[in-house]
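# Structure, please.
(chains A and B)
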Amino acid sequence: MNTLFGEKKEGATKIVLKSVDEYPDAPITLGTTLINFTGDWRTFIPVVNNDKCVKCYICWKFCPEPAIYIREDGYVGIDYDYCKGCGICANECPTKAITMEKEEK
Amino acid sequence: MKYKPIRKVVSGNYAAAYAAKHARVEVVAAYPITPQTSIIEKIAEFISNGEVENLQYVPVESEHSAMAACIGASAAGARAFTATSAQGLALMHEMLHWASGARLPIVMVDVNRAMAPPWSVWDDQTDSLAQRDTGWMQFYAENNQEVYDGVLMAFKVAETVNLPAMVVESAFILSHTYDIVEMIPQELVDEFLPPRKPLYTLTDFDNPIAVGSLGGPNDYYEFRYKIEKAMDDARKVIKEVGKEFGEMFGRDYRQMIELYRTDDADFVFMGMGSLMGTVKQAVDVLREEGYKVGAAKVRWFRPFPKDELYELAKNVEGIAVLDRNFSFGQEGILFNEAKGVLYNTNAHPIIKNYIVGLGGRDFTVNDVKKIAENMKAIIEKGELDVEVDWYHLKR
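So this is what the prediction gives:
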């Protein structure tokens, strides 16, 4: 199927279509979050301190994007391709193990 | 004829319901509104009697939701159908754009009914013509047979070009009047209308897609062009499907404007829907009285049959456009379209607009005869008396 944005490419966020023939017949997109990294929107970045983490996974429950995942060692990891930096995880963390820090770009 | 048709005496609404059944629609979502109700009642009866397999009826709380449900079903790959009238169609307006924009071949029967106020349940085409710019194809049926045939052809055309289509019938004049309809045996309908092959489907989990996502100024424009290109392609597809229908079932629909005794006509009556049955009868009467007149019934209003209108206009001295509709602040809608098409051509017959039958006002053979006398006088004089004639007005 022809898609609007093409396949996910390393470092690329969007393919610009130059001719009307390149467009699909219907305005459908193949999983846009596979290509568009919402992590680009972020100003603050969550940083996890594993010394304080008690593995309650409240941050995982509250994350509005699927940006928090549970690592093999039981601690939480953050998928920075998708984390928008909203800070809900840091706000909800009962042990203050997550802090929001200004991201250097 | 190569097959034995099943003759049933049915109303226009039942003809629509039978056509939906024979088209093997998979999802019907509708809300009752006079005079559409009996279409959906009949479909509900098919389901309760176990006459249909694999048909899901979705009860909804409004026409807006009915179209939304059809859009979801169609995006998932199903063949979806609904029916409505007047205020219900107006309530659907927003969703009509979503259906055509997402390129979903939903078929809807609209039972033409006048818009309120004053409250009216009688025939008037302004409700469907007000949806002119939504990207839906529109087929206008003259009689119950054309309602049945129209629904079957609409599905085939819609699923070929991936645009939704509206089949339009007159309130009460067709919807509740019984007539003989020749129905097609199921196996032949299946041959004519095979299962839908969707352009995309939400249920293809190996190729997940997003429908209804954002299109910025960089991309939106191209998608509008694609819809227009599909509409343009539809002109060819409609003629092919109409021809195929004629070859298979004996009723030929290749003309987007059906011409009746126009070959040597001095002037013709042009209009849409059930009133053209009256006009054809009047043409026969007028021919016997020595008038060289014909009828041009516009079957497909969208896409508009530009080329066919030009071919017709080249060969006649006058066109009387009969509009059972009105665009306030301008003129009858079909008249407006016809004048627009002819402006940049070499064909410039005298063309006059007669506003007739609004809100179910009776329109008879006698009325056509009076219009013929008026047209004849105008053509002899070579100039219009008035451009837009409110024919029935109590003066």
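# and the closest residue to chain A within the stretch 251-395 of chain B, how many residues sit next to it?
The nearest approach of the stretch 251-395 of chain B to chain A comes at B:P303, 16.7 Å away (Cβ to the nearest Cβ). Bear in mind the C-beta positions are built from the backbone N, C-alpha and C, glycine included. Close neighbours of B:P303, defined as other Cβ atoms under 10 Å in any protein chain shown, add up to 22.
# right, and it touches B:R235 too?
Yes - using Cβ atoms under 8 Å, B:P303 makes contact with B:R235 at a distance of 5.1 Å.
# residues in chain B within reach of chain A, list them.
Residues of chain B found near chain A (Cβ under 8 Å from any Cβ of the partner chain) are B:101-103, B:162, B:199-200, B:207-211, B:213, B:215, B:218-219, B:222-223, B:225-226, B:230.
# how much space between B:M231 and chain A?
13 Å (Cβ to the nearest Cβ, to the nearest Å).
# quick check, that residue in a helix?
Yes - counting by DSSP: H, G, I helix; E, B strand; the rest coil, B:M231 is found in a helix.
# Give me the nearest residue to it, chain neighbours excluded.
B:P303 (4.5 Å; Cβ to Cβ, 6 or more residues apart in numbering or on different chains).
# Narrow the residues of chain B next to chain A to those in strands?
B:210-211 (DSSP state E).
# show me where chain B has helices.
Secondary structure of chain B (DSSP state H): helices located at B:12-22, B:37-48, B:63-75, B:86-101, B:126-129, B:144-161, B:186-192, B:220-249, B:275-288, B:306-314, B:333-343, B:365-381.
# now swap in chain A and tell me
Counting by DSSP H, the helices of chain A are A:32-35, A:58-62, A:88-92.
# Using a markdown table, please lay out those together with mean pLDDT.
Output for the helices of chain A, formatted as a markdown table (pLDDT from 0 to 100):
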| stretch | mean pLDDT |
| --- | --- |
| helix A:32-35 | 66 |
| helix A:58-62 | 94 |
| helix A:88-92 | 97 |
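# got those helices as TSV, with distance to chain B and mean neighbour count columns?
Putting these into TSV (distance: least, Cβ to the nearest Cβ, whole Å; neighbours: other Cβ atoms under 10 Å in any protein chain shown) gives the following:
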stretch	distance to chain B	mean neighbour count
helix A:32-35	6	16
helix A:58-62	23	15
helix A:88-92	24	17
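# Which of these sits closest to B:E317?
Nearest to B:E317 among these is helix A:32-35 (58.4 Å), distances taken as Cβ to Cβ.
# List of residues touching stretch B:251-261?
Residues from elsewhere that reach stretch B:251-261 (Cβ atoms under 8 Å, 6 or more residues apart in numbering or on different chains): B:145, B:149, B:153, B:235, B:238-243, B:245-246, B:270, B:276, B:280, B:283-284, B:287, B:293-300, B:305, B:308-309, B:312.
# how about 6 Å then?
Here stretch B:251-261 makes contact (Cβ atoms under 6 Å, 6 or more residues apart in numbering or on different chains) with B:239, B:242-243, B:245-246, B:280, B:283, B:294-300, B:305, B:308.
# do the same with stretch B:321-335
Under the contact criterion Cβ under 6 Å, 6+ apart, stretch B:321-335 has outside partners B:125-126, B:129, B:269-271, B:275, B:338, B:353-357, B:388.
# Where does the stretch 101-250 of chain B get nearest to chain A, residue-wise?
For the stretch 101-250 of chain B, Cβ to the nearest Cβ, closest residue to chain A: B:R103, 3.9 Å.
# where's that residue relative to A:Y23, distance?
To A:Y23, B:R103 is 12 Å away according to Cβ to Cβ, to the nearest Å.
# The two - which one has more neighbours?
More crowded of B:R103 and A:Y23, by other Cβ under 10 Å: B:R103, with 27 against 17.
# And that one, how close does it get to A:G74?
Going from B:R103 to A:G74 by Cβ to Cβ gives 47 Å.
# Also A:V54?
Going from A:V54 to A:G74 by Cβ to Cβ gives 10 Å.
# next one: B:D133
B:D133 is 58 Å from A:G74, by Cβ to Cβ.
# what's the spacing between the residue nearest to B:M183 when sequence neighbours are not counted and chain A?
Distances taken as Cβ to Cβ, 6+ apart place B:I6 nearest to B:M183, at 4.4 Å, with adjacent residues excluded. Between B:I6 and chain A the computed distance is 37 Å (Cβ to the nearest Cβ).
# re earlier: I'd assumed B:A234 was in contact with the residue nearest to B:M231.
Yes - look at B:P303 against B:A234 with Cβ atoms under 6 Å: they come within range, at 5.1 Å.
# closest point of chain A to chain B, which residue?
Taking Cβ to the nearest Cβ, chain A has A:A26 as its residue nearest chain B, at 3.9 Å.
# Could you pull up the residues touching that residue?
B:102-103, B:199.
# any idea which of those residues is the one closest to B:F139?
For these, the nearest to B:F139 is B:R103 (18.6 Å; Cβ to Cβ).
# can you tell me which residues contact the closest one?
Taking Cβ under 6 Å, 6+ apart as the test, what B:R103 contacts is A:25-26, B:162, B:199.
# try it again with 8 Å
A:25-26, B:162-163, B:199, B:226-227, B:230.
# how far away is it from B:S74?
10 Å.
# Same question for B:L342.
B:L342 is 36 Å from B:S74, by Cβ to Cβ.
# which of the two has more neighbours?
Neighbours per residue (other Cβ under 10 Å) separate B:L342 from B:S74, with B:S74 holding more: 27 against 20.
# What distance do you get for the closest residue to B:V60 other than its chain neighbours to B:K339?
Excluding the flanking residues, the one nearest B:V60 by Cβ to Cβ, 6+ apart is B:A66, at 4.8 Å. The gap separating B:A66 from B:K339 is 35 Å, by Cβ to Cβ.
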